[in-house]
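Enquirer: sequence unknown, structure follows:
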Ligand code: SF4
Ligand code: SF4
């Protein structure tokens, strides 16, 4: 069945979601899959499981949000216009030096038929992974996952600067900050905002297009929860094969 | 000082010793300067390729050290008599090489002074790099004890310390393999291959180092090699040929596994090796000088001709240095978001070592050379003790 499925997906040629016959669509919904029509380098980022989505391969993650609040972000990536106001806000709020970044915008050229492509902007930031490879690799626990919020933080004074966490992060989310003499990375604005009772993150606040939805994934009333659990919505994470279980999700409207 | 007592002391050795010291001072100066101006300014490593030539140099030295310990243990730990004559020098070389490795990584860490504090106060037992550092500490300790006991003619106890050193060395070294092997982020490294491969290639490097440096020590001090040492090197030569064959086997399967089915990440990296930016390093150094030539020559002279073996071993050590470089840098070159249709993403990330990094590499060589030559003078050419 899955072989036929793979062949079928290949034959799609990225026609986009609209072109999938409703019959087939239903068949895959039954399988628990949502088809987004998005290809990435032959990897099936295009098909993600529905509702139980991205954690589904390891049951212990499904629908369990161990942190209180379980901070998370959903990026409605097709709304992004690359104005980079989020980057600027992040830089200012978190004193990010010019040689580094905590979040940035990638530009995708998604193939959309013979010699054609559509442009889409893809914001990236630390995924505050549930199984963060950076945390496992750090020899001194300078990088750690906050037991309360799940935010992946750096304890500056413990960082020996071995850069193992940089090598370990599948998402290129860490850089060495010369001024701090330690690794610096996105902390969901914990230090600059959340810990001071300000909400949401600087980037989410600055975004004029409503791309970045920030909130508590453990709270059924939050927008992030509702987006991630919307059964008709395609939701995916980046490089799922890394097994890091990101808490930053992507979707399109 | 002991150094003046030995018979092994001529102007050539002293001269080379001084040259080594000068290299060490230059490397140390470059390293300290880098701390002051910041590694970002001084070193060529980047956000995308955070591990550069200093890490690969560290790997080179500790691989060689572990190999010296393992290969020479055949004689003095596991009691295979013919290899005993090279034991003292091998153990001493193992100490010199590990210290050279520590020098390189010490200059590479951004805050090495925090290491002893937080490694002990805040250990992460899930971190391979923690285990590696800690076990190499233990390893160095055992090797020092073993060497001391050998010099004191206490061979029984030395063998015990040697055994502990072997255990710590294997554990530490496979953990070094795991530092790379357990990083999902870099497919080329990921998997149990690395810890296993590291042990095999360590023994290969160790055998090459024993042959080359023993020969070198005699050559340079103008002494004739005695019968038993020649024998020991011939045995080492056989071990060397065997391990080269093992590593060839490993390498062939690594290539096949990285090609079959075009596995993401692995495939891109192996293409960089086979015909991309690393092709020269790979074919000329790794394959030809590092594996094929030594294998053919050692087998060709049936492990008898010490001069020929020493020559290819020396070249192989250089090749192994390149091998480590390719392994460390090559594992990081595939962009994180490769295959996701990102506009402007390079095919491979690029890294060039900076001058400061090269000077530190030379500094580590200087430290090694100075220690090695001092050892020759101080311990009278590691005269076989019976
Ligand atoms: S995205 Fe990278 S830095 Fe962030 S938690 Fe995951 S592995 Fe760590
Ligand atoms: S660079 Fe710092 S935070 Fe990263 S692994 Fe090393 S000690 Fe930990």
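Expert: Everything's here; your move. The model shown is predicted, which means the values in this text are computed figures rather than measured ones. Numbering: from 1, shown residues only, chains lettered A, B, ... in the order given. Ligands and ions are numbered 1, 2, ... in the order given.
Enquirer: wouldn't residue B:74 be in contact with residue B:80 here?
Expert: Yes. Taking Cβ atoms under 8 Å as the definition, residue B:74 is a contact partner of residue B:80 at 5.0 Å. C-beta here means a position set from N, CA and C on the backbone, and glycine is covered the same way.
Enquirer: quick one: which of the two has more around it?
Expert: Neighbour count, other Cβ atoms under 10 Å in any protein chain shown: between residue B:74 and residue B:80, residue B:74 has more, with 19 against 13.
Enquirer: tell me the SS of that one?
Expert: At residue B:74 the chain is in helix, as set by DSSP: H, G, I helix; E, B strand; the rest coil.
Enquirer: Tell me who's in contact with it.
Expert: Residue B:74 is in contact with B:80, B:83, B:239, counting by Cβ atoms under 8 Å, 6 or more residues apart in numbering or on different chains.
Enquirer: How much space separates the last one from residue B:288?
Expert: Using Cβ to Cβ, to the nearest Å, residue B:239 is found at 21 Å from residue B:288.
Enquirer: Between these two, which is the more surrounded one?
Expert: Counted by other Cβ under 10 Å, residue B:239 and residue B:288 do not tie: residue B:239 has more neighbours, with 22 against 14.
Enquirer: Please identify which helix or strand holds that one.
Expert: helix B:227-259 (DSSP states H and E).
Enquirer: For the next helix or strand after that helix, which helices and strands make contact with it?
Expert: Toward the C-terminal end, the helix or strand that comes next after helix B:227-259 (DSSP H and E) is helix B:266-274. With contacts taken as 3 or more Cβ pairs under 8 Å, 6 or more residues apart in numbering or on different chains; DSSP states H and E, helix B:266-274 sits against helix B:227-259, helix B:306-330.
Enquirer: which element follows helix B:266-274 toward the C-terminus?
Expert: Counting by DSSP H and E, what follows helix B:266-274 is helix B:279-280.
Enquirer: pLDDT on that next one, on average?
Expert: Mean pLDDT, computed over helix B:279-280, is 98.
Enquirer: and residue A:106, how many residues sit next to it?
Expert: Around residue A:106 sit 19 other residues, with neighbours defined as other Cβ under 10 Å.
Enquirer: how about the strand or helix carrying it, does it get close to chain B?
Expert: If you go by DSSP H and E, residue A:106 is part of strand A:103-111. Yes. Counting by Cβ under 8 Å from any Cβ of the partner chain, chain B is contacted by strand A:103-111 at A:106, A:107, A:108, A:109, A:110, A:111.
Enquirer: Helix or strand with the lowest mean pLDDT in chain A?
Expert: Using mean pLDDT, DSSP states H and E, the weakest-scoring helix or strand in chain A turns out to be strand A:47-49, at a mean of 42.
Enquirer: Need the pLDDT of residue A:19.
Expert: On pLDDT, residue A:19 comes in at 45.
Enquirer: And residue A:241, by the same measure?
Expert: Residue A:241 carries a pLDDT score of 86 in this model.
Enquirer: Can you tell me the element residue B:141 falls in?
Expert: Under the assignment here (DSSP H and E), residue B:141 is part of helix B:128-151.
Enquirer: so what does that helix touch, helix or strand wise?
Expert: Contacts defined by 3+ Cβ pairs under 8 Å, 6+ apart place helix B:128-151 against helix B:53-76, helix B:87-108, helix B:114-121, helix B:155-181.
Enquirer: before we move on, back to that, next structured bit after the least confident helix or strand of chain A?
Expert: Proceeding N to C from strand A:47-49, the next assigned helix or strand is strand A:71-76, under DSSP H and E.
Enquirer: Mind giving me the packing neighbours of that next one?
Expert: With contacts defined as 3+ Cβ pairs under 8 Å, 6+ apart, strand A:71-76 has these neighbours: strand A:117-125, strand A:212-216, helix A:223-228, strand A:248-251.
Enquirer: Pull the distance from the next helix or strand after that strand to the chain's centre.
Expert: Sequence order places helix A:85-94 as the next helix or strand after strand A:71-76, per DSSP H and E. Put simply, helix A:85-94 sits 18 Å off its chain's centre (Cα atoms, centre = their mean, to the nearest Å).
Enquirer: Run the contact check for helix A:85-94 versus chain B.
Expert: No. Helix A:85-94 is not in contact with chain B by Cβ under 8 Å from any Cβ; minimum separation 15.3 Å.
Enquirer: Quick check: closest non-adjacent residue to residue 190.
Expert: Picking chain A for this. residue A:151 (5.3 Å; Cβ to Cβ, 6 or more residues apart in numbering or on different chains).
Enquirer: I was thinking of chain B, sorry if that wasn't clear
Expert: Distance criterion Cβ to Cβ, 6+ apart; nearest residue to residue B:190, sequence neighbours excluded, is residue B:184 at 5.6 Å.
Enquirer: who touches that neighbour in this structure?
Expert: With contact taken as Cβ under 8 Å, 6+ apart, residue B:184 is in contact with A:133, A:170, A:241, A:242, A:243, A:244, B:190.
Enquirer: got it, and residue B:83?
Expert: Applying Cβ under 8 Å, 6+ apart, we find residue B:83 in contact with B:72, B:74, B:75, B:76, B:232, B:235, B:236.
Enquirer: Quick one: neighbours of residue A:117, just the number.
Expert: Using other Cβ under 10 Å: residue A:117 sits among 14 other residues.
Enquirer: For it, give the beta-bridge partners.
Expert: residue A:111 (DSSP bridges).
Enquirer: quick one: it and residue A:109 touch, right?
Expert: Yes. Here residue A:117 reaches residue A:109: they are 4.3 Å apart, a contact under Cβ under 8 Å.
Enquirer: Quick check: neighbours shared by these two?
Expert: Common neighbours of residue A:117 and residue A:109, using Cβ under 8 Å, 6+ apart, are residue B:341.
Enquirer: and the stretch 151-300 of chain B, which of its residues are near chain A?
Expert: So the stretch 151-300 of chain B meets chain A at B:179, B:182, B:183, B:184, B:185, B:186, B:264 (Cβ under 8 Å from any Cβ).
Enquirer: so what's the residue lying closest to the first one once chain neighbours are set aside up against?
Expert: The one in question is residue B:179. In space, and not counting its chain neighbours, residue B:179 is closest to residue B:128: 4.5 Å by Cβ to Cβ, 6+ apart. By Cβ under 8 Å, 6+ apart, the contact set of residue B:128 is A:137, B:175, B:176, B:178, B:179, B:182.
Enquirer: Tell me how many other residues crowd the residue of the stretch 1-150 of chain B found nearest chain A.
Expert: Going by Cβ to the nearest Cβ, chain A is nearest to residue B:110 of the stretch 1-150 of chain B, at 2.4 Å. When counting by other Cβ under 10 Å, one arrives at 22 neighbours for residue B:110.
Enquirer: Chain A - how does it break down into domains?
Expert: A:2-49, A:71-129+A:184-251 (automatic domain parsing).
Enquirer: Is the last one in proximity to ligand 2?
Expert: Meaning domain A:71-129+A:184-251. No. Contact between domain A:71-129+A:184-251 and ligand 2 is absent, the nearest approach being 9.1 Å (criterion: Cβ under 6 Å from any ligand atom).
Enquirer: Enumerate every residue touching the residue of chain B found nearest ligand 1.
Expert: Of all residues in chain B, the one sitting closest to ligand 1 is residue B:185 (7.8 Å; Cβ to the nearest ligand atom). Residues near residue B:185 by Cβ under 8 Å, 6+ apart: A:133, A:167, A:168, A:169, A:170, A:242, B:336.
Enquirer: I'd like the distance between the fifth one and residue A:243.
Expert: Applying Cβ to Cβ, the value for residue A:170 to residue A:243 is 9 Å.
Enquirer: Looking at those two, which is more packed in?
Expert: The neighbour count for residue A:170 versus residue A:243, taken as other Cβ under 10 Å, is higher for residue A:170 (23 against 14).
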